[in-house]
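J.: Coordinates for the following, if possible.
(one chain, ligands or ions: 1)
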Amino acid sequence: MAYQAPVRDMQFLLDDVLQIDRYANLEGFADAPKDVRDAILTEGAKFCEGVLAPLNRVGDKHGCIWNPDNTVTVPPGFTEAYHQLVEGGWPLLSADPAYGGQGLPHVVNMAFNEMVSTANMAFGMYPGLTHGCYSAIHTGGTPEQKDLYLPRLASGEWAGTMNLTEPHCGTDLGLLRTKAVPQADGTYRITGQKIWISGGEHSMTENHIHLVLARIEGAPAGVKGISLFIVPKFIVNPDGSLGERNNAKCVGLEEKMGIHGNATCVMQYEDAVGHLIGEPNKGLAVMFVMMNEARLGVGLQGVAQAEGAYQAALAFAKDRRQGRSLTGPKEPDQPADSILVHPDVRRMLMDMKSVTEGGRAFLFWTAMYGDLLHKSPDPGVREKAGDYMALLTPVIKAFLTDKGHKHASDGLQVHGGSGFTEHYEASQFLRDSKIAMIYEGTNGVQALDLVGRKLAANGGRAVQGFFAEIDAFVAENEGDPALAPFTAGLASAKAQLQEATFWLMQNGMTNFENAGASSHDYLQLFGLTALAYMWALMAKAASAKAGEEPFYATKLKTGRYFVDRVLPETAAHLAKVKAGADAMMALDAAEL
Ligand SMILES: Cc1cc2nc3c(=O)[nH]c(=O)nc-3n(C[C@H](O)[C@H](O)[C@H](O)COP(=O)(O)OP(=O)(O)OC[C@H]3O[C@@H](n4cnc5c(N)ncnc54)[C@H](O)[C@@H]3O)c2cc1C
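T.: Predicted structure coming up:
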């Protein structure tokens, strides 16, 4: 596929919808005025289109190879591309200047990350996890740990990984067995096996910094006894030079249905030297920094894969001729019309386009709050940003990846039988996008997090704030005839979400199975409402500039499609939320 990064759409979001120049007083924003942002987007697009996208199928076909000396060979071209990424300074975009970063807003970095993830999702996971590792140490590390590890994690010279999963322990981290034995010198010896560790081993970087969850000898059982350790592949001497090879090895790779270019490693730790990060038994709190960042990054993968699937499907549809338009031949001189004339093909393409553009706005808007959380001088703004980040992270992760995979399937469907063959890239999008629904906490678990934890936090302050913000937008704009369908759709979706929230408060607290049974549909309803708000914001920005450029008229038409043909799904989700657990749990195990 000839990937074309959606630069214009990203500019629209940054310039017109989020208007990020209004935050020029915040750290890093003044360094990212429009001309700088445009240069980043244009150069980033060149790199992703020209270097990473051509390697997407190469990675899929070749995969990674495990070697008996415990090394891993990445697909051809990946190492050179990785070095180009590092030399170009791309991993440094939003990193802390204290550790060599450029300190630019996360929302700008988000745009670059989306391009990487569409061009080559498997490749993008290597720097993605490294950035997560950087953030966890940045938050939880001692000043010495930060000085030792952050500069080279920020630049991408070293790789970072995240080690939670064990063979018997996936979602339920309380079962974790990897043990940590304290040593007289203050270090720990880590022993255990971690599975499915993304990017656990490769030779694109000179060192790996593994963040490993383990239980200190004698620690309480369950999640209350889990600590976090830095376990470098090569021990880092106090002066930053590399010392001995640590006993942290990749003993095998998984054979997977997708993301073949990313090494999914079985990691064996045998008395490996580890350094505690944060307090003993409080490791999950620090790891959650990495996990929350990774969850937004995974939501981004949903949008990115849907974008790729859309571009591939559109290119195919423009080329493929079958049948005639229902209103008579559109190209009578040809043996058949392009399949673009068929409403059902349009349905699939417009579902993809409208949800992907709405999803991108949702991601950028949330990333903007991520910036405000860290950079705003106003405690009220920081509180609101923190509330939103906590509330919306599970929605971003699960809703956008559910849609990403669905749209990868729609994209394949547009191809007909050709999509089922490996001649086209459609099947790779379908295969690659599936994992995003599973890792970083399955989407089912995200929905439980939303319903069980996030809604009730601080007496429901976050969700009430979200409702109030939507109400204020509707009140301010419902008199504008150009926005009428958008404000009406948004008001209706928000009313349904509020009704579902009340239903959960009344029926989920007294019967937890009601909350569990309704959580998936509640999250979908939440995601649709959030996208309705994004489309209302985009419509407002586009209608203010309508006539200046065809882009804005197209935006408004795409938004109308979302409101008329996607948003009505809210009613079905509300009905399913209110159906509760009875029918779902009615069969006993023998009847299933
Ligand atoms: C390609 C790939 C890369 C990965 N990369 C990493 C990595 O880098 N680091 C790492 O640590 N891990 C990684 N993982 C592991 C991943 O995070 C786990 O697969 C995921 O957390 C789910 O755990 P599990 O597979 O054991 O499923 P299980 O926990 O066994 O879940 C099975 C099913 O039961 C459901 N379920 C489980 N518990 C509950 C519950 N309480 N309520 C409702 N439903 C529940 C789940 O939603 C799921 O549908 C990776 C996995 C893969 C496949």
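J.: Next up, phi/psi of the nearest residue to residue 342 once chain neighbours are set aside, please.
T.: Nearest residue to residue 342, sequence neighbours excluded (Cβ to Cβ, 6 or more residues apart in numbering): residue 323, at 6.8 Å. Quick note: C-beta positions are derived from backbone N, CA and C, even for glycine. In terms of degrees, to the nearest 10, the main-chain angles of residue 323 are phi 70, psi -180.
J.: Give the burial count for residue 323, as a bare number.
T.: By the criterion of other Cβ atoms under 10 Å, residue 323 has 12 neighbours.
J.: got the residues of the stretch 301-450 of the chain near the ligand?
T.: 435, 438, 439, 440, 441, 442, 444, 445, 448 (Cβ under 6 Å from any ligand atom).
J.: And the helices in the stretch 151-300 of the chain?
T.: For the stretch 151-300 of the chain, helices defined by DSSP state H, counting those that start in this stretch occupy the ranges 283-319.
J.: Tell me how many other residues crowd the residue of it found nearest the ligand.
T.: Nearest to the ligand in the stretch 151-300 of the chain, going by Cβ to the nearest ligand atom, is residue 170, at a distance of 1.7 Å. As a burial measure, residue 170 scores 17 neighbours (other Cβ under 10 Å).
J.: Distance check, the residue located most distally from the centre of the chain against residue 584.
T.: Residue farthest from the centre of the chain, counting by Cα atoms, centre = their mean, is residue 333 at 46.0 Å. Distance, residue 333 to residue 584, using Cβ to Cβ, to the nearest Å: 56 Å.
J.: now the residue farthest from the centre of the chain: how far from residue 353?
T.: The value you get for residue 333 to residue 353, if Cβ to Cβ is used, is 29 Å.
J.: Next step: the residues of the stretch 301-450 of the chain next to the ligand restricted to helices.
T.: 444, 445, 448 (DSSP state H).
J.: quick one on the thing from earlier: Produce a PyMOL select command limited to the buried residues of the residues of the stretch 301-450 of the chain next to the ligand.
T.: Filtering those down to the buried ones (16 or more other Cβ atoms under 10 Å) takes a single PyMOL command:
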select buried, resi 435+439+440+441+444+445+448
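J.: Would you format the residues of the stretch 301-450 of the chain next to the ligand as JSON lines with pLDDT included?
T.: Listed next are those as JSON lines, based on pLDDT from 0 to 100:
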{"residue": "435", "pLDDT": "98"}
{"residue": "438", "pLDDT": "97"}
{"residue": "439", "pLDDT": "96"}
{"residue": "440", "pLDDT": "92"}
{"residue": "441", "pLDDT": "94"}
{"residue": "442", "pLDDT": "97"}
{"residue": "444", "pLDDT": "98"}
{"residue": "445", "pLDDT": "97"}
{"residue": "448", "pLDDT": "97"}
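J.: Could I get the contacting residues of residue 131?
T.: Contacts of residue 131 were listed using Cβ atoms under 8 Å, 6 or more residues apart in numbering, and they are 91, 95, 153, 160, 293, 297.
J.: just to confirm, which helix or strand has it in it?
T.: helix 121-140 (DSSP states H and E).
J.: what sits against residue 225?
T.: By Cβ under 8 Å, 6+ apart, residue 225 lies in contact with 215, 216, 219, 281.
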